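A.B. asks: Return a 3D structure for these sequence lines:
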Amino acid sequence: LFWLAPLSDCDKPQLPSRSAMKLNIANPAGGLQKVFEIDDDKKLLPFYDKRMSSEVSGDSLGDEFKGYIFRISGGNDKQGFPMKQGILCNHRV
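C.D. replies: Model prediction:
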């Protein structure tokens, strides 16, 4: 005979979530840059599966970036390997 008890909130299995993404936003004309750490997956969806030099609208990040267009100029994967221009596959080479 087995007895199943209801799971409390701490015992429930957690779905793996994507980690926070750091966006380094720079203005080369003014020589300024700022790093934003964003945890919300809905805000980050437009940035996934993009290539370098792709342009992404800033509207998804919130009202403070409404009207801005960001160009992806670099990045790295979970292990810290940098992106490289000209590689057309989404795995390491």
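A.B. asks: who does the most centrally placed residue in the chain bridge with?
C.D. replies: Residue closest to the average C-alpha location in the chain (CA atoms, centre = their mean): M21, at 4.0 Å. Beta bridges link M21 to I38 when assigned by DSSP bridges.
A.B. asks: just checking, it touches F47?
C.D. replies: Yes: applying CB atoms under 8 Å, one finds M21 in contact with F47, separated by 7.0 Å. C-beta: built from backbone N, CA, C; applies to glycine.
A.B. asks: coming back round to it: for the residue nearest to the centre of the chain, give me its contacts.
C.D. replies: Listed by CB atoms under 8 Å, 6 or more residues apart in numbering, the contact set of M21 reads 37-38, 44, 47.
A.B. asks: all strands for this structure, in order.
C.D. replies: Applying DSSP state E to the chain gives strands spanning 21-27, 32-38, 55-57, 69-71.
A.B. asks: Tabulate those (TSV), appending distance to R92.
C.D. replies: TSV is the format used below for the strands of the chain (distance: least, CB to CB, whole Å):
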stretch	distance to R92
strand 21-27	20
strand 32-38	25
strand 55-57	23
strand 69-71	24
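A.B. asks: Just tell me which of those strands ends up closest to G80.
C.D. replies: strand 21-27 (12.4 Å; CB to CB).
A.B. asks: how many degrees apart are that closest one and strand 32-38 in direction?
C.D. replies: 160 degrees (axes from the mean of the first three to the mean of the last three CA atoms, to 10 degrees).
A.B. asks: Buried by neighbour count: which residues of strand 21-27 qualify?
C.D. replies: Neighbour counts over strand 21-27 (16 or more other CB atoms under 10 Å) mark 21, 23 as buried.
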